[in-house]
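Student: sequence? don't have it. structure:
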């Protein structure tokens with residue numbers, strides 16, 4: 001961020017002695033002008049860094065030993081060029097870009113990785129995945145958002161989400177970067193406060209820390225408070241963080257000391273833990289310039305670091321307690337997430353699905369389920385690559401017709417909760433803010449996500465999915481819908497939503513929907529008439545002021561594949577025999593899912609799995625009946641075969657007896 005030196009004018013003059021010309025310039029240039037200097041300096045540094053990238057950054061030398069990260073703690077170089085110490089005045093937040101990327105790691109390459117490149121329109125979107133879910137309790141909104149333009153999602157701009165608003169809404173469950181850094185909206189972004197909050201840089205420790213004090217809940221809390229440039233320091237555990245940028249005016253400069261005149265203002269303040277700094281003599285009064293801090297960075301990220309953003313929490317009636325469930329079979333066996341989800345220096349994470357594009361550093365097909373267990377048998381791989389990678393068992397699938405491998409994904413039988421008659425609800429880290437302290441995680445409030453729903457994936461194979469039935473307000477024209485931002489709906493709704501409490505969600509009533517549609521219709525809009533979409537239906541206001549209800553493609557659920565939790569073979573579909581799937585009530589075909597709605601207006605839609613798979617239920621039941629009577633067919637078949645065998649044996653014996661008599665007659669007498 002952009003700072004002024006603290007103290008009075010006389011103190012500033014005294015403080016500039018012995019400083020460089022650049023330091024003295026920083027001390028006197030107003031913060032509004034310094035913002036421009038910061039941008040120019042960053043550009044120069046980026047250009048210079050790109051020019052000498054080959055010599056500037058460290059590259060792996062082949063050692064498998066964990067590198068010890070005892071390194072200087074650096075702030076933004078425009079703020080201070082020397083390493084930070086435990087007694088900084090004022091205490092500056094450390095910059096992950098300057099600390100990790102100053103001399104060692106190429107941040108310009110890392111920030112193009114999968115976790116950070118979503119806003120980049122030039123990056124292939126890849127297979128659909130979990131979206132961000134924009135949820136607004138008052139307006140009954142739950143709508144899938146993705147900058148990757150996955151089918152069924154809407155772009156942040158469609159909902160009025162600028163980079164600033166997107167970062168505040170969803171930055172808690174990201175490792176930083178993206179809209180918060182490389183793709184931020186600029187100092188002139190309407191309504192943004194970047195000049196006060198600073199950028200949300202990529203926090204390397206979000207994924208790579210092995211320190212038990214690394215607290216991502218504090219990362220999320222400080223993003224909510226707009227303490228963006230302080231978030232990494234607060235989460236790292238090396239300092240105590242207080243204050244709230246939200247309470248500070250846009251003219252506030254973090255380097256200007258707080259006067260304390262306004263009790264409603266709580267400026268951010270850091271207090272570093274001195275014991276984290278490495279020095280030969282902490283009692284010495286002599287200034288020290290080469291402070292080092294130890295960062296616990298294991299060779300491979302631990303799964304705990306992944307879990308903060310990638311956890312599933314089954315909820316609702318019949319949901320098992322956590323202590324009664326088993327973890328993913330791979331993790332229980334000792335593997336970590338990073339054993340399969342790997343990447344090179346470019347941080348292009350392997351997502352592990354079949355058909356995933358190869359990274360710039362080579363093919364990744366053997367990191368899929370099939371590749372790891374069965375090997376890579378594609379033509380591009382040349383001679384068959386043997387399965388059993390990382391000690392994975394090579395499944396034999398005895399008696400299983402090969403047609404199953406053409407129509408089903410591995411996850412259809414092995415992943416997600418064991419299916420039942422009805423799908424169940426699940427909370428996810430990103431959609432429900434799991435892991436954030438003091439956050440309300442009520443089971444009965446949106447967003448509503450169901451699993452497992454069996455439907456074809458992007459490769460045409462049936463796989464279990466999570467589904468979100470979208471609910472949002474929109475304009476309808478030429479059979480197309482344009483979402484209306486929740487803030488605009490609230491502004492137009494007026495008294496229709498005035499009685500609703502933000503933290504106590506209640507389903508919208510038909511009366512409320514009618515009033516809000518009327519309020520939105522009062523203002524002409526070329527985008528079309530206002531509608532409300534929820535529970536698989538589209539609600540319109542008819543000429544007689546009643547609500548008309550129809551189904552529409554925009555109300556269809558957004559679905560993304562379930563990869564984990566992986567169950568062992570003994571708990572897979574089919575382990576109990578063919579009737580696990582081929583019976584009159586098999587969940588994979590006849591299980592049902594209820595279209596969750598944020599409105600209480602009509603009986604909910606119920607969809608069976610065969611509808612998602614576009615199959616004929618009569619044919620499925622007829623086929624299932626063959627499996628019902630198959631044991632009888634086997635008994636009759638074996639009995640018939642036994643009878644035929646007995647008859648054949650009798651005829652053979654009769655033939656042998658006749659042959660013996662013939663031989664006896666032909667034999668010489670006496």
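Tutor: Okay, I see it. The structure presented is a predicted model; accordingly, all values stated were derived computationally and were not measured.
Student: now do the closest residue to residue 346 other than its chain neighbours against residue 516, distance only.
Tutor: Computed as CB to CB, 6 or more residues apart in numbering, the closest residue to residue 346 that is not its neighbour in sequence is residue 109, at 5.7 Å. All C-beta atoms are positioned from the backbone trio N, CA, C, and that covers glycine. Using CB to CB, to the nearest Å, residue 109 is found at 48 Å from residue 516.
Student: for stretch 487-501, what is the distance to the chain centroid?
Tutor: Centroid separation between stretch 487-501 and its chain, computed with CA atoms, centre = their mean, to the nearest Å, is 31 Å.
Student: could you pull out the helices for the stretch 351-500 of the chain?
Tutor: Using DSSP state H, counting those that start in this stretch, the helices assigned to the stretch 351-500 of the chain run over residues 369-374, 403-407, 410-414, 429-432, 486-493.
Student: between those helices, which gets the lowest average pLDDT?
Tutor: The weakest mean pLDDT among those belongs to helix 369-374, with a mean of 87.
Student: can I get the helices of the stretch 351-500 of the chain in JSON lines with distance to residue 522 and mean neighbour count?
Tutor: Below are the helices of the stretch 351-500 of the chain laid out as JSON lines (distance: least, CB to CB, whole Å; neighbours: other CB atoms under 10 Å):
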{"stretch": "helix 369-374", "distance to residue 522": "54", "mean neighbour count": "20"}
{"stretch": "helix 403-407", "distance to residue 522": "52", "mean neighbour count": "12"}
{"stretch": "helix 410-414", "distance to residue 522": "49", "mean neighbour count": "22"}
{"stretch": "helix 429-432", "distance to residue 522": "33", "mean neighbour count": "22"}
{"stretch": "helix 486-493", "distance to residue 522": "8", "mean neighbour count": "18"}
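Student: distance to residue 588 added to those, as CSV?
Tutor: Shown next, in CSV, are these (distance: least, CB to CB, whole Å):
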stretch, distance to residue 588
helix 369-374, 18
helix 403-407, 11
helix 410-414, 7
helix 429-432, 25
helix 486-493, 37
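Student: closest one to residue 296 among those helices?
Tutor: Nearest to residue 296 among the helices of the stretch 351-500 of the chain is helix 429-432; the distance by CB to CB comes to 22.9 Å.
Student: now for the closest one, which elements pack on it?
Tutor: Here helix 429-432 touches strand 132-136, going by 3 or more CB pairs under 8 Å, 6 or more residues apart in numbering; DSSP states H and E.
Student: how far off helix 486-493 does the strand it packs on point, in degrees?
Tutor: 20 degrees (axes from the mean of the first three to the mean of the last three CA atoms, to 10 degrees).
Student: other SSEs contacting strand 132-136?
Tutor: If you count contacts as 3+ CB pairs under 8 Å, 6+ apart, strand 132-136 packs onto strand 141-145, helix 163-170, helix 429-432, helix 486-493.
Student: now those in JSON lines, please, with extra columns for distance to residue 329.
Tutor: Converted to JSON lines, the helices and strands packed on strand 132-136 look like this (distance: least, CB to CB, whole Å):
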{"stretch": "strand 141-145", "distance to residue 329": "29"}
{"stretch": "helix 163-170", "distance to residue 329": "31"}
{"stretch": "helix 429-432", "distance to residue 329": "21"}
{"stretch": "helix 486-493", "distance to residue 329": "41"}
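Student: and the ones you listed: which comes nearest residue 190?
Tutor: Ranking these by proximity to residue 190 (CB to CB) places helix 163-170 first, at 8.7 Å.
Student: and the angle from the closest one to helix 486-493?
Tutor: Using the same axes, to 10 degrees: helix 163-170 against helix 486-493 is 90 degrees.
Student: compute the inter-axis angle for helix 163-170 and strand 141-145.
Tutor: Note on geometry: by the same axes, to 10 degrees, helix 163-170 and strand 141-145 are set 110 degrees apart in direction.
Student: quick revisit: which one of residue 109 and residue 516 is surrounded by more residues?
Tutor: residue 516 (24 against 16; other CB atoms under 10 Å).
Student: helices and strands around the helix or strand hosting that one, which ones?
Tutor: For residue 516, the element it lies in under DSSP states H and E is helix 510-521. In terms of contacts (3+ CB pairs under 8 Å, 6+ apart), helix 510-521 is packed against helix 486-493, strand 529-534, strand 537-541, strand 547-550, strand 599-600.
Student: can I get these in CSV with distance to residue 404?
Tutor: Conversion of the helices and strands packed on helix 510-521 to CSV gives the following (distance: least, CB to CB, whole Å):
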stretch, distance to residue 404
helix 486-493, 45
strand 529-534, 37
strand 537-541, 36
strand 547-550, 38
strand 599-600, 40
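Student: out of the ones you listed, nearest to residue 309?
Tutor: Among those, helix 486-493 comes nearest to residue 309, with 23.8 Å by CB to CB.
Student: which stretches in the stretch 151-300 of the chain count as strands?
Tutor: For the stretch 151-300 of the chain, the strands defined by DSSP state E, counting those that start in this stretch occupy 239-244, 266-272, 277-278, 292-295.
Student: which of the helices of the stretch 351-500 of the chain sits closest to residue 651?
Tutor: With CB to CB as the yardstick, what comes closest out of the helices of the stretch 351-500 of the chain is helix 403-407 (40.0 Å).
Student: so how far is the closest one from its chain's centroid?
Tutor: Taking CA atoms, centre = their mean, one finds helix 403-407 lying 29 Å from the centre of the chain it belongs to.
Student: one step back: pipe the strands of the stretch 151-300 of the chain into TSV and attach distance to residue 550 and mean neighbour count per row.
Tutor: Below are those laid out as TSV (distance: least, CB to CB, whole Å; neighbours: other CB under 10 Å):
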stretch	distance to residue 550	mean neighbour count
strand 239-244	46	18
strand 266-272	50	19
strand 277-278	65	18
strand 292-295	57	18
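Student: does residue 135 touch residue 144 like I think?
Tutor: No - because the distance of 10.6 Å does not satisfy CB atoms under 8 Å, residue 135 is recorded as not touching residue 144.
Student: count of residues packed around the residue nearest to residue 536 when sequence neighbours are not counted?
Tutor: Of all residues not flanking residue 536 in the chain, residue 595 sits nearest, at 3.8 Å (CB to CB, 6+ apart). By other CB under 10 Å, 20 other residues sit near residue 595.
Student: over to the one 10 residues further on?
Tutor: When neighbours are defined as other CB under 10 Å, residue 605 has 16 of them.
Student: any idea how far residue 314 is from it?
Tutor: Counting by CB to CB, the gap from residue 605 to residue 314 is 22 Å.
Student: thinking again about what came up before, quick one: contacts for the residue nearest to residue 536?
Tutor: Applying CB atoms under 8 Å, 6 or more residues apart in numbering to residue 595 gives the contacts 469, 535-537, 557, 604-607.
Student: for the closest residue to residue 59 other than its chain neighbours, give me the pLDDT.
Tutor: Using CB to CB, 6+ apart and skipping the chain neighbours, the partner closest in space to residue 59 is residue 345 (7.5 Å). Residue 345 is assigned 87 on the pLDDT scale.
Student: no further queries at this time; thank you.
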